[in-house]
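Visitor: Next one to model:
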Amino acid sequence: MNALELQNPVSISDERLCDATCLSSRYVLDFFGRDRGMSLLSGAALLEPQHSAPATLSKLDYWQLCLNSVNKYDDEGHCCLSRPMPKSSWSMVFSAVNQMETLGRGLKRIAELLPVLQCGVHASVGYCSRYAHLTLKTDDQFPQSTRSERYLDLIATVFLCILLWGAEREFLPEKIRLSSLLEPEDGYLLAGLSRKGTERNGFGTTISFSLADLGIQLGARRYESWGIHETSVFRRLYSDLCHSAFASSDEILSDVRHLLTTGMLSQHGVAKELGLSVATLQRRLAMAGTNFRQLSRGLRKEQLSSLLATSAPLEDIAQEMGFSDRRSLTRACHDWLGVTPTAYRQKSAL
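Guide: Residues are numbered from 1 along each chain as shown. As a prediction, this is how the structure comes out:
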C-alpha cells in the first residue's frame, strides 16, 4: 500500500505540555452544541459564578461530560453525526478489536468493522517504511466542520485507550496528524499522546504507529463493560500529562497525585516511592496547603464519579478502585458523593 503523505503540515510539536491538559470552552461548546454543552456544564457544576462557561476545561472534565452526555441522551454520536448512535454502539467494534492477536491486526479490524455501524465515519490503514497509519475520516456526505473533526479527535482517543487497555505492554503512537480546521489555541484531546508530537494538515485524524510495535499482543485484558476500560486508561494518561506539565511548579503535589492515580493508595507507600519519610511527606504537603488524606479523597472521589458514569458492574468498579467488596464501595460512595452508587447513577442520567 502507498505511504501516507503529509504535505505542508502545520507543526504543533513544540506545544507546551501544560496546554495538553485542557481544552478551550469554544472546543467544548462547539463539540456538544451550545445549548447541550451549557446544560452538561451546569449539571456537572462546572459553570462560572455568572453562569458562563469557564475559559478552559480540563480534559478529564471533558471526558466526564462525554460520558454524562451518552448516559443522558443515549447518543454516542453526540449530535455530530447524521443520526444518533445508541449507547454501546462503538463497544461492538472495540470488543472485536480487543480480541485480535496483535496491534497490527487490531488496526485492520477497525477498518473492516466501521462500515457496519453506518455512522458516517470510516477508517483506512496505510503503511510506509517506518509507520503504520490509521486514518479516521467522515464520509463525503458530511460537510467538513470543526465539530465533525472534534468527534474524530474523541473517537481516535477512545480507540487508543482501548488498544492500551488490551495490550501486553505499554506503548504510544509515534505521531499524530489532526485536521487543519482545528485551532491550536483550543487544544486537542490527542495532544501529548504521541512520542513525536502532533501536526495539522488536511482533514481527518491519523495516528501513526511504529512498524516495530505492530506485533504487540492484544487481548491481555478483555473489553467487557461500556466505558470503564477506556476511562481507566484515559485517567492514567491524563495523570501522566499533568505530572509532566506541572512537576516543576508544584512538584510534591504533582508526584503524589500521579502515584495515587497509578493505584498506590497508602501514605507509607507513596512516601517510600518518593524517597521520603512519612513525616517529611506530611510536612511538604502541609507547606503546599493540603494533606495526604485530602489529596487521596479528592482524586478517588473524581475517579468514582467517572467510573459510575460507565456501565461497569459495581463489583468491577470496587475492584478497579481497590475496595475489598461492593459494600466498601457503597460506604465510600455515600461518604464522598452523599448517595449510594445506584442513586448516583440514576441522578446522573436525569
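Visitor: okay, now the domains of this protein?
Guide: Here the domain parsing of the chain from automatic domain parsing is 10-213, 247-348.
Visitor: For the ones you listed, give me a markdown table that also has mean neighbour count.
Guide: (Each C-beta comes from the backbone N, C-alpha and C, glycine too.) Output for those, formatted as a markdown table (neighbours: other Cβ atoms under 10 Å):
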| stretch | mean neighbour count |
| --- | --- |
| domain 10-213 | 18 |
| domain 247-348 | 16 |
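Visitor: Tabulate the ones you listed in CSV, adding columns for mean pLDDT and distance to residue 236.
Guide: Listed next are those as CSV, based on pLDDT from 0 to 100; distance: least, Cβ to Cβ, whole Å:
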stretch, mean pLDDT, distance to residue 236
domain 10-213, 91, 9
domain 247-348, 90, 6
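Visitor: Any chance of CSV for those domains, columns distance to residue 234?
Guide: What follows is the domains of the chain, written out as CSV (distance: least, Cβ to Cβ, whole Å):
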stretch, distance to residue 234
domain 10-213, 5
domain 247-348, 9
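Visitor: Quick one: closest of the ones you listed to residue 241.
Guide: Within these, the stretch nearest residue 241 is domain 10-213; the backing value is 4.9 Å (Cβ to Cβ).
Visitor: Looking at the domains of the chain, which is nearest to residue 233?
Guide: For the domains of the chain, proximity to residue 233 was assessed by Cβ to Cβ; domain 10-213 is nearest, at 4.0 Å.
Visitor: Looking at this protein, which helix is longest?
Guide: helix 146-166 (DSSP state H).
Visitor: Quick check on the residue nearest to residue 59 when sequence neighbours are not counted: phi, psi?
Guide: If you skip the residues right next to it in sequence, residue 59 has residue 238 as its closest partner in space, 5.7 Å away by Cβ to Cβ, 6 or more residues apart in numbering. Backbone dihedrals for residue 238, given as degrees, to the nearest 10, come out at phi -60, psi -40.
Visitor: And for residue 219?
Guide: Dihedral angles phi and psi of residue 219 (degrees, to the nearest 10) take the values phi 80, psi 10.
Visitor: Could you report the neighbour count for it?
Guide: A count of nearby residues for residue 219, using other Cβ atoms under 10 Å, gives 16.
Visitor: any idea how far the closest residue to residue 180 other than its chain neighbours lies from residue 176?
Guide: Setting aside the residues directly before and after it, residue 180 is nearest to residue 200 in space (Cβ to Cβ, 6+ apart), at 4.7 Å. Residue 200 sits 10 Å away from residue 176 when distances are taken as Cβ to Cβ, to the nearest Å.
Visitor: then stretch 207-221 to CSV, C-alphas only?
Guide: Taking C-alpha atoms only, stretch 207-221 is exported to CSV below (Å, rounded to 0.1, in the frame of the first residue of the first chain):
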residue,chain,number,x,y,z
ILE,A,207,-2.5,8.0,14.3
SER,A,208,0.9,6.6,13.2
PHE,A,209,2.4,3.6,14.9
SER,A,210,5.9,2.2,14.6
LEU,A,211,6.1,-0.9,12.5
ALA,A,212,8.1,-2.4,15.3
ASP,A,213,5.0,-2.1,17.5
LEU,A,214,2.6,-3.9,15.2
GLY,A,215,3.5,-7.3,16.8
ILE,A,216,2.4,-6.2,20.3
GLN,A,217,0.0,-8.7,21.6
LEU,A,218,-3.6,-7.7,22.3
GLY,A,219,-6.2,-9.4,24.4
ALA,A,220,-4.2,-9.3,27.7
ARG,A,221,-7.4,-8.0,29.2
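Visitor: who's in contact with the nearest residue to residue 95 once chain neighbours are set aside?
Guide: Leaving aside its sequence neighbours, residue 95 sits nearest to residue 223 (Cβ to Cβ, 6+ apart; 4.6 Å). When contacts are counted by Cβ atoms under 8 Å, 6 or more residues apart in numbering, residue 223 is found next to 91, 94-95, 98, 162, 165-166, 229.
Visitor: hmm, 10 Å instead?
Guide: Residues counted as contacts of residue 223 (Cβ atoms under 10 Å, 6 or more residues apart in numbering) are 91, 93-99, 162, 165-166, 229-230.
Visitor: which of those residues sit farthest apart?
Guide: The largest separation in the contacts of residue 223, counting by Cβ to Cβ, is between 99 and 230 at 15.8 Å.
Visitor: Secondary structure element holding the most centrally placed residue in the chain?
Guide: Of all residues in the chain, the one closest to the mean position by Cα atoms, centre = their mean is residue 234, 3.6 Å from it. Remark: residue 234 resides in helix 228-246, with elements defined by DSSP states H and E.
Visitor: quick check: mean pLDDT across that helix?
Guide: For helix 228-246, mean pLDDT rounds to 88.
Visitor: counting contacts, what elements does it pack onto?
Guide: For helix 228-246, the elements it packs on are strand 22-24, helix 59-73, helix 89-98, helix 146-166, helix 251-261, helix 292-308, helix 314-320, judged by 3 or more Cβ pairs under 10 Å, 6 or more residues apart in numbering; DSSP states H and E.
Visitor: Restrict stretch 259-279 to CA atoms and write it as PDB.
Guide: Extracted as PDB, the C-alpha positions of stretch 259-279 are listed here (Å, rounded to 0.1, in the frame of the first residue of the first chain):
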ATOM      1  CA  LEU A 259       1.200   7.900  42.300                       C
ATOM      2  CA  LEU A 260      -2.300   7.900  43.700                       C
ATOM      3  CA  THR A 261      -3.700   7.700  40.100                       C
ATOM      4  CA  THR A 262      -1.500   4.700  39.400                       C
ATOM      5  CA  GLY A 263      -3.100   2.900  42.300                       C
ATOM      6  CA  MET A 264      -0.600   3.500  45.100                       C
ATOM      7  CA  LEU A 265      -3.100   4.300  47.900                       C
ATOM      8  CA  SER A 266      -1.100   4.300  51.200                       C
ATOM      9  CA  GLN A 267       0.800   7.300  52.600                       C
ATOM     10  CA  HIS A 268       3.600   5.000  53.600                       C
ATOM     11  CA  GLY A 269       3.900   3.500  50.100                       C
ATOM     12  CA  VAL A 270       3.800   7.000  48.400                       C
ATOM     13  CA  ALA A 271       6.500   8.300  50.800                       C
ATOM     14  CA  LYS A 272       8.700   5.300  50.100                       C
ATOM     15  CA  GLU A 273       8.300   5.600  46.400                       C
ATOM     16  CA  LEU A 274       9.400   9.300  46.600                       C
ATOM     17  CA  GLY A 275      12.300   8.500  48.800                       C
ATOM     18  CA  LEU A 276      10.900  10.400  51.700                       C
ATOM     19  CA  SER A 277       9.900   9.600  55.300                       C
ATOM     20  CA  VAL A 278       6.200   9.800  56.100                       C
ATOM     21  CA  ALA A 279       6.900  12.800  58.300                       C
END
